[in-house]
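Student: sequence unknown, structure follows:
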């Protein structure tokens with residue numbers, strides 16, 4: 001009798017555990033779905049064209065926005081990587097950039113560099129030091145991780161040191177000589193700049209940068225050069 005009673009208790013507990021597991025699984029799925037829905041609806045459009053778009057949303061950092069820029073560009077993967085690595089030419093396409101130079105070349109695909117930005121009244125000149133590393137995935141997409149490296153060198157006099165909270169590039173080859181680029185970032189300009197001024201400046205700046213890439217990248221000399229270790233889509 002005791003044995004039968006024990007079996008009944010175990011069976012009952014097993015059923016309850018199954019029910020609890022199902023409820024938790026369902027809750028987890030619903031929570032994930034809600035999080036994805038919130039993530040997709042939280043973005044606000046800034047500007048959009050047939051090949052470019054810029055959206056933004058509030059970030060976890062006070063008074064800072066997160067920006068996601070997207071572009072369909074005519075370029076090879078190698079051409080794109082070589083183009084953005086050509087720091088002497090960076091002021092020609094990166095909005096408001098004055099100069100850029102390597103601080104340390106760690107490997108062929110990893111380095112630390114500094115970019116100086118022009119001041120524009122009432123905003124002082126600024127500089128940004130980052131650690132950049134890229135890799136290629138099995139699906140041929142290329143990712144570039146960008147981290148703040150402000151502690152690498154002393155701050156230059158006359159410049160405000162910006163801080164990169166997060167920055168990431170993803171480049172997807174869609175056809176021969178065609179790529180889709182997504183750049184998502186949160187950067188603190190630092191200093192005493194009101195949000196009503198930094199928000200439009202940053203958004204307009206990334207829109208100008210995307211247009212510069214769209215115009216200059218296809219005609220770059222780097223389109224004729226293959227980067228070792230990078231596989232192209234044929």
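Tutor: Perfect, thanks for sending it. Not measured: the values here are computed from a predicted model. Numbers count the residues shown, from 1 in each chain.
Student: I'd like to know how many residues surround the spatially closest residue to residue 43 that is not a sequence neighbour.
Tutor: What sits nearest to residue 43 in space, not counting adjacent residues and going by C-beta to C-beta, 6 or more residues apart in numbering, is residue 55, at 4.2 Å. Yep, even glycine has a C-beta here, placed from its N, CA and C like the rest. The tally of other residues near residue 55 (other C-beta atoms under 10 Å) stands at 18.
Student: how about residue 55, what does it touch?
Tutor: 43-46, 67-68 (C-beta atoms under 8 Å, 6 or more residues apart in numbering).
Student: if I look at it, how far off is residue 61?
Tutor: Noted for residue 55: a distance of 17 Å to residue 61, by C-beta to C-beta, to the nearest Å.
Student: Beta-bridge partners for the residue nearest to residue 43, please?
Tutor: Taking DSSP bridges, one obtains residue 45, residue 68 as the residues bridged to residue 55.
Student: on that earlier part again, out of the contacts of residue 55, which end up buried?
Tutor: Taking 16 or more other C-beta atoms under 10 Å as the criterion, what is buried in the contacts of residue 55 is 46, 67-68.
Student: ok, and for stretch 48-58, which residues are buried?
Tutor: Of all the residues in stretch 48-58, those buried under the rule 16+ other C-beta under 10 Å are 52-56.
Student: Which member of the residues you listed is positioned nearest residue 75?
Tutor: Among those, residue 52 lies closest to residue 75 (C-beta to C-beta), at 14.3 Å.
Student: Surely the closest one touches residue 208?
Tutor: No - counting by C-beta atoms under 8 Å, residue 52 stays clear of residue 208, with 10.7 Å between them.
Student: ok, residue 115 - contacts?
Tutor: Contacts for residue 115 (C-beta under 8 Å, 6+ apart) come out as 90, 94, 97, 99-100, 127-128, 130.
Student: go again using 10 Å as the cut-off
Tutor: By C-beta atoms under 10 Å, 6 or more residues apart in numbering, the contact set of residue 115 is 87, 90-91, 94, 96-101, 126-130, 162.
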